[in-house]
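Novice: Just to be clear, the model below is a prediction. Sequence and coordinates:
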Amino acid sequence: METVLKVDSLEKSFKEKQILKKISFEVRKGEIMAILGPNGAGKSTTIRNIMGIMYPDAGTISFLGYNEIPRHKIGYLPEERGLYKNVKVMDILLYLAELKDYPLKKAKERALDYLKKFDLEGMDNVSVEELSKGMGQKVQFIASIIHEPDLLILDEPFSGLDPVSQEMFKEEIRSLAEKGTAILLSSHQMNLVEEMCDRLFMMADGQKVIYGDLDEVKTEYANFKCTIRGKNDRNVLENLPNVQRVEQDEDTSILYLTKNVEAASWLKNLPDGLTIHELSIDRISLHEIFIDIATDKNLLQEAGEVHA
Ligand SMILES: Nc1ncnc2c1ncn2[C@@H]1O[C@H](COP(=O)(O)OP(=O)(O)OP(=O)(O)O)[C@@H](O)[C@H]1O
C-alpha cells in the first residue's frame, strides 16, 4: 500500500529535555495506524509536529513523498476540544471547509448527511455553545473530515463519548479507511485499538518500543494465558511446565504461559487430577501487553521492531 505520511528520525526538545528521540513510522493509504504510549510518552508532540503546530529540531516529515505538508489534504481532530462558541453548527462546518478550499455546495451536503448519521439532524442552525460535550465532539469530528482528507489524524477521538457514540465513530473511521483514507489514531482505549487498527506504533519516553502489524505484534509479544474455572492448588498450577505466573481469584486461576508454547501439546499434558469446570486458552490482550511494556523496563529494552 502507498505510503501517505512518513515520519523519519523526528527529534524534539523542550528547553533541555528531549521529548522525541528519533521517532520514525509511516501511515499507508487505507490503513488505521495507532500511535500508543503511556501519558507523557510524546504522542501529541509527534502529532503537533506533523500538523506544523510546532517544528522538529531534527528529522523529516513527508506527505506522498514531498516534504511540503498540504494542510487541505489533512483532517485533524486535536486532543483539546473546542470550537468557536457563538457560531451556528453549519456556519462553522462551512467556514472550516472553505479554509480547506473545499466546494461549499458539496460541503453543505456532506455536513447535512453527517449530522443525520451522528443523530444531530436539525442541529445545523443551533449555536455551538448549546451543544453537549459529546455533540460538540461529533461536530468537531465532522469538521475534521468534511473536506475528504487523504490523511486523517485523530488524537483521542473516543474520550468522553458514550458507548453508542463510540460505536458510531468506530464505524465511520473504519469506513473512511476502507474508502482509502490513511488514518493515524491515538487512543488509550486498547480494546478499541485492538478491534480497529491494522498496525501500531507504541512509544514510551519519546522512543519507539514496538512498531508493526497488529497480528504480528500479538504473535510476537502476546503469550498464551490459560483460564481454568475450578478449585486447584496454586502450587500444583505453578509447577506445571511452561507456567510463568499464576493469578487466582476464588475458584478461577489464570496461568500465564511462557513464550513459544505449543498450545495443543501443552493442553494434552495437563495432569488428570486438575479440577476443570471450564477452560479457555487465549493470547493476552493488547491492554496487557501495553501494561507489561509500560511497566517492565527489561521488556522495553529488549523489544525490537516487528515487520513494519
Ligand atoms: N509545549 C511544551 N513545553 C514543554 N514541555 C512540553 C510541551 N508539550 C509537551 N511537553 C512535555 O512533553 C512530554 C510529552 O507530552 P505529550 O503531550 O506529547 O505526551 P502524550 O504521549 O500525548 O501524553 P498523554 O497521553 O498524557 O496525552 C511531556 O513530558 C510534556 O510535559
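Specialist: Received, thanks.

Novice: Going by C-alpha atoms from here, please, whenever you check contacts or count neighbours.
Specialist: OK.

Novice: Can you tell me which residues in this protein are near the ligand?
Specialist: Within the chain, the positions adjacent to the ligand are F14, I19, G37, P38, N39, G40, A41, G42, K43, S44, T45 by Cα under 6 Å from any ligand atom.

Novice: what about the first one, how many neighbours?
Specialist: Read that as F14. F14 is flanked by 9 other residues according to other Cα atoms under 10 Å.

Novice: helices and strands of the chain: which one bottoms out on pLDDT?
Specialist: helix 297-302 (a mean of 44; mean pLDDT, DSSP states H and E).

Novice: pull the CA atoms of stretch 174-193 into PDB?
Specialist: Only the C-alpha atoms of stretch 174-193 are listed here, as PDB (Å, rounded to 0.1, in the frame of the first residue of the first chain):
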ATOM      1  CA  ARG A 174     -13.400   2.000   9.600                       C
ATOM      2  CA  SER A 175     -15.500   3.100   6.600                       C
ATOM      3  CA  LEU A 176     -13.100   6.000   5.900                       C
ATOM      4  CA  ALA A 177     -10.200   3.700   5.900                       C
ATOM      5  CA  GLU A 178     -12.000   1.300   3.600                       C
ATOM      6  CA  LYS A 179     -12.500   4.200   1.100                       C
ATOM      7  CA  GLY A 180      -8.700   4.800   1.200                       C
ATOM      8  CA  THR A 181      -8.100   7.400   3.900                       C
ATOM      9  CA  ALA A 182      -4.900   6.900   5.700                       C
ATOM     10  CA  ILE A 183      -5.700   7.200   9.400                       C
ATOM     11  CA  LEU A 184      -3.300   7.900  12.400                       C
ATOM     12  CA  LEU A 185      -5.200   7.300  15.600                       C
ATOM     13  CA  SER A 186      -4.000   8.000  19.200                       C
ATOM     14  CA  SER A 187      -6.000   6.300  21.900                       C
ATOM     15  CA  HIS A 188      -5.700   4.900  25.400                       C
ATOM     16  CA  GLN A 189      -8.600   2.600  24.800                       C
ATOM     17  CA  MET A 190      -6.700  -0.600  24.000                       C
ATOM     18  CA  ASN A 191      -9.800  -2.700  23.300                       C
ATOM     19  CA  LEU A 192     -10.900  -0.200  20.600                       C
ATOM     20  CA  VAL A 193      -7.400  -0.100  19.200                       C
END
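
Novice: how distant is that stretch from the center of its chain?
Specialist: 7 Å (Cα atoms, centre = their mean, to the nearest Å).

Novice: could the residues of the chain next to the ligand be laid out in JSON lines, adding pLDDT and secondary structure?
Specialist: Compiled in JSON lines, the residues of the chain next to the ligand are given as follows (pLDDT from 0 to 100; DSSP: H, G, I helix; E, B strand; the rest coil):
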{"residue": "F14", "pLDDT": "93", "secondary structure": "strand"}
{"residue": "I19", "pLDDT": "95", "secondary structure": "strand"}
{"residue": "G37", "pLDDT": "90", "secondary structure": "coil"}
{"residue": "P38", "pLDDT": "88", "secondary structure": "coil"}
{"residue": "N39", "pLDDT": "88", "secondary structure": "coil"}
{"residue": "G40", "pLDDT": "90", "secondary structure": "coil"}
{"residue": "A41", "pLDDT": "91", "secondary structure": "coil"}
{"residue": "G42", "pLDDT": "93", "secondary structure": "coil"}
{"residue": "K43", "pLDDT": "94", "secondary structure": "helix"}
{"residue": "S44", "pLDDT": "92", "secondary structure": "helix"}
{"residue": "T45", "pLDDT": "94", "secondary structure": "helix"}
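
Novice: Mind giving me the ChimeraX select for these, buried ones only?
Specialist: A single ChimeraX command is used to select the members of those judged buried by 16 or more other Cα atoms under 10 Å:
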select :19,37,38,41,42,43,44,45
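
Novice: Give me the three-state assignment for G75.
Specialist: With DSSP: H, G, I helix; E, B strand; the rest coil as the basis, G75 sits in strand.

Novice: dump the residue contacts of it.
Specialist: Contacts for G75 (Cα atoms under 8 Å, 6 or more residues apart in numbering) come out as S144, I145, H147, E148, P149, D150, L151, L152, I153.

Novice: between these, which is closest to L257?
Specialist: Among those, I153 lies closest to L257 (Cα to Cα), at 37.0 Å.

Novice: Show the low-confidence segments of the stretch 201-308 of the chain, by residue range.
Specialist: 296-308 (pLDDT under 70).

Novice: Swap in 80 and give it another go.
Specialist: 220-222, 292-308 (pLDDT under 80).

Novice: before we move on, what about the stretch 1-150 of the chain?
Specialist: Looking at the stretch 1-150 of the chain by pLDDT under 80, you get 80-85.
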